[in-house]
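S.K.: need a structure here:
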Amino acid sequence: MTILYPALLLITLWVCIFVHYSSSFNWQMVSDVGVYGLVATAVAFPVLQGEWGDFKFAGYIIAIASGIGLLGKMFIDAKRPDKSGNDSFPSNHTANAFAASTVLAMSYGWIIGLLSYGMAMLVGLGRVKALKHHWRDVIVGLCVGLSTAVFAVAWL
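M.R.: Predicted coordinates:
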């Protein structure tokens, strides 16, 4: 398999979001679909190619980024903009989206990276627009996702 399949999936994800939600744009749903689509793409395509080492690598990176985000939420008491809870900091959606995007960019090149980082930015924007996070939460989530992937490359 080439980069064709991940590219088609990411393009389909983009098209579905914009076509489906163009009339009644729901930022919460956009951020959910975006992050789950990115994580699924990052872990599914190594499996489809039989590259179990890349599958484990993607799983480790996403799990570590998610763990760091969850620890931050446990120990940092920050109210969400919509007042629905005290677990705003950092944005775990954004951390997972950028961790998965970095895995995809490293595995499949700059075209896939461009599509996936664009989707990850949309996830972060969606979290702010849905009033689930402040900008600081999203920026820290972005840093957690990127730095986890960069450090994992050096250590794993």
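
S.K.: what about the most centrally placed residue in the chain, distance to F75?
M.R.: Centroid-nearest residue in the chain, with Cα atoms, centre = their mean: A97, separated by 0.6 Å. Computed as Cβ to Cβ, to the nearest Å, the A97 to F75 distance reads 22 Å. C-beta coordinates here come from the backbone N, C-alpha and C atoms, glycine included.

S.K.: and if you look at F98?
M.R.: 21 Å.

S.K.: and these two? which has more neighbours close in?
M.R.: Using other Cβ atoms under 10 Å as the criterion, F98 and F75 rank with F98 on top: 30 against 8.

S.K.: okay, now L9: neighbour count?
M.R.: Neighbours of L9 using other Cβ under 10 Å come to 18.

S.K.: my read: it touches T41, true?
M.R.: Yes - the criterion here is Cβ atoms under 8 Å, and L9 meets it with T41 at 5.5 Å.

S.K.: you'd agree W135 is up against K129?
M.R.: No - using Cβ under 8 Å, W135 is not in contact with K129, being 11.0 Å away.

S.K.: More neighbours: which of the two?
M.R.: Counted by other Cβ under 10 Å, W135 and K129 do not tie: K129 has more neighbours, with 16 against 13.

S.K.: dump the residue contacts of the more buried one.
M.R.: Going by Cβ atoms under 8 Å, 6 or more residues apart in numbering, K129 touches W27.

S.K.: picking that back up, from the chain's centroid, how far away is the helix or strand harbouring the residue nearest to the centre of the chain?
M.R.: Taking DSSP states H and E as the criterion, A97 maps to helix 92-108. Relative to its chain's centre, helix 92-108 lies at 5 Å (Cα atoms, centre = their mean, to the nearest Å).

S.K.: Show me what it is packed up against.
M.R.: The contact analysis (3 or more Cβ pairs under 8 Å, 6 or more residues apart in numbering; DSSP states H and E) places helix 92-108 against helix 4-20, helix 27-48, helix 52-75, helix 110-129, helix 135-155.

S.K.: what inclination does it have with respect to helix 52-75?
M.R.: Counting by axes from the mean of the first three to the mean of the last three Cα atoms, to 10 degrees, helix 92-108 points 160 degrees away from the direction of helix 52-75.

S.K.: Where does the prediction get shaky in this structure?
M.R.: 1-3, 16-25 (pLDDT under 70).

S.K.: please redo it, this time with the cut-off set to 80
M.R.: 1-25, 156 (pLDDT under 80).
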